[in-house]
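Enquirer: model the following, please.
(one chain, ligands or ions: 1)
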Amino acid sequence: MMKQQDAPRTIFSFFGPPGSGKGTLAQRLVQQQGFQMLSTGNLCRQHVANATEFGLLLDGYLKKGQLIPDDLMTDMVIDWLVTQQHEQSPVILDGFPRTQGQARRFLEFLNKHPQYHFRVIVIELPEEDIVMRLSRRLLCSNKQCQAPFTQAPGLTNCTYCGSPLYKRDDDREEVVRERLRAYPAYRDMLMLFYEQMKQPTEILNIQGLDSEHVYQNFCRLAGIDGAE
Ligand SMILES: [Zn+2]
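Expert: Next up is the predicted model:
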């Protein structure tokens, strides 16, 4: 995959319900296509652990059990992008922007920085598929990795880093359904906002697809060569 020096750097926002397999797809694109991935959860943990200026602010909100303000979250993502200036490989923002407030601030940044090409990928999957998928999900216990896997005989360790796999408590069915309840409303709100801002969105429908076909369909949508 060759890229011209002066071509804009593509930033993919992966937006989809919890358990739609965003993480698995992103991991594969990192491994096989050299993409960079940013998970806002990991970014927050790193800032807190390193007690950066952002980390100290975050800590204040987390200690009070408050939500992290949209502007703070967005500024951390922008800060990360800026530290990556020399990189050319496409970026995946996993689950960011998540709210209208985040999207607004991020689009403002992008409008002033034409060196980025922003593509919103909306992953669609029916609720029943998500419940089934999550009830079979295992995660890598290494906090830097957190790769997701589907339960299989003999699978006990992460195939990327070797750490043991575990099952999250909130992957139980009733918890999954509760997490999914709020999703359609905030998806619709964000999509409406993108429409108003004339920001195109692209649908990746993955109903009935295994991770291999999800990967291939994404590569086709993204216009990259998905052959191994
Ligand atoms: Zn791992």
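
Enquirer: so what touches the host helix or strand of Q46?
Expert: If you go by DSSP states H and E, Q46 is part of helix 40-49. Helix 40-49 is contacted from outside by 54-55, 58-59, 62, 68, 73, 76-77, 80, 93-96, 98, 143-144, 146, using Cβ atoms under 8 Å, 6 or more residues apart in numbering. To be clear about C-beta, it is placed using only N, CA and C from the backbone, and glycine gets the same treatment.

Enquirer: repeat that for 6 Å
Expert: 54-55, 58-59, 76, 96 (Cβ atoms under 6 Å, 6 or more residues apart in numbering).

Enquirer: could those residues be laid out in TSV, adding secondary structure, pLDDT and distance to Q31?
Expert: Listed next are those as TSV, based on DSSP: H, G, I helix; E, B strand; the rest coil; pLDDT from 0 to 100; distance: Cβ to Cβ, whole Å:
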residue	secondary structure	pLDDT	distance to Q31
F54	helix	97	28
G55	helix	96	29
L58	helix	95	29
D59	helix	93	32
M76	helix	97	25
F96	coil	95	21
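
Enquirer: so how far is stretch 165-180 off the chain centroid?
Expert: 18 Å (Cα atoms, centre = their mean, to the nearest Å).

Enquirer: does that stretch come close to the ion?
Expert: No - with Cβ under 5 Å from the ion as the criterion, the ion is not reached by stretch 165-180; the gap is at least 8.2 Å.

Enquirer: so which bits of that stretch are buried?
Expert: 165, 171, 176, 179-180 (16 or more other Cβ atoms under 10 Å).

Enquirer: what's the answer for stretch 192-204, then?
Expert: Neighbour-count burial for stretch 192-204 [16+ other Cβ under 10 Å]: 193-194, 199, 204.

Enquirer: just those now: which is nearest D129?
Expert: Comparing the buried residues of stretch 192-204 against D129 with Cβ to Cβ places L204 closest, at 13.7 Å.

Enquirer: who's in contact with that closest one?
Expert: With contact set as Cβ under 6 Å, 6+ apart, L204 has these partners: 121, 123, 218, 221.
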